[in-house]
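Visitor: Return atomic coordinates for the entry below.
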Amino acid sequence: MKLGDKVMTPRFCTVKITAMFEDEQEARKCGYTEPTYYRGEDYIILGKSLDMYHMRFCAIPVQ
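Guide: Okay, here's the model as predicted:
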């Protein structure tokens with residue numbers, strides 16, 4: 001997975017990856033706390049709420 005990839009998630013449908021992190025703790029410190037329930041085996045996808053109508057999404061490799 002790389003920046004700009006689009007991924008289908010159960011919670012938010014198709015999302016665009018705008019950030020990559022090495023571990024989940026680092027992503028959560030940067031505000032990516034919303035679960036997407038992505039079912040991939042290699043990555044965790046988390047969302048960050050910008051306002052009531054906008055979000056950004058990041059990918060974290062599964063350790």
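Visitor: can you give me the strands in this protein?
Guide: For the chain, the strands defined by DSSP state E occupy 6-9, 13-20, 34-35, 43-49, 55-61.
Visitor: Just list what the third one packs against, helices and strands only.
Guide: In this structure, strand 34-35 packs against strand 43-49, with contacts taken as 3 or more Cβ pairs under 8 Å, 6 or more residues apart in numbering; DSSP states H and E. To be clear about C-beta, it is placed using only N, CA and C from the backbone, and glycine gets the same treatment.
Visitor: and the residue lying farthest from the centre of the chain, backbone torsions?
Guide: Farthest-out residue of the chain from its mean C-alpha position, per Cα atoms, centre = their mean: Met52, at 17.3 Å. When read as degrees, to the nearest 10, the backbone of Met52 gives phi -60, psi -20.
Visitor: Lys29 and Lys6, how far apart?
Guide: Note on Lys29: its distance to Lys6, by Cβ to Cβ, to the nearest Å, is 25 Å.
Visitor: Cys58 now?
Guide: Remark: distance between Cys58 and Lys6 (Cβ to Cβ) = 14 Å.
Visitor: Then Met20?
Guide: In this view, Met20 and Lys6 are 15 Å apart by Cβ to Cβ.
Visitor: quick one: which of those two has more around it?
Guide: Using other Cβ atoms under 10 Å as the criterion, Met20 and Lys6 rank with Met20 on top: 15 against 9.
Visitor: beta partners for the more buried one?
Guide: Going by DSSP bridges, Met20 is paired in beta bridges with Ala59.
Visitor: pretty sure Leu50 is touching Arg56, no?
Guide: Yes. Counting by Cβ atoms under 8 Å, Arg56 is a contact partner of Leu50 at 6.3 Å.
Visitor: neighbour count winner among these two?
Guide: Taking neighbours as other Cβ under 10 Å, Leu50 and Arg56 compare with Arg56 leading, 18 against 10.
Visitor: The more buried one and Arg39: what is the separation?
Guide: With Cβ to Cβ as the criterion, Arg56 and Arg39 are 20 Å apart.
Visitor: same deal with Ile45?
Guide: Noted for Ile45: a distance of 10 Å to Arg39, by Cβ to Cβ.
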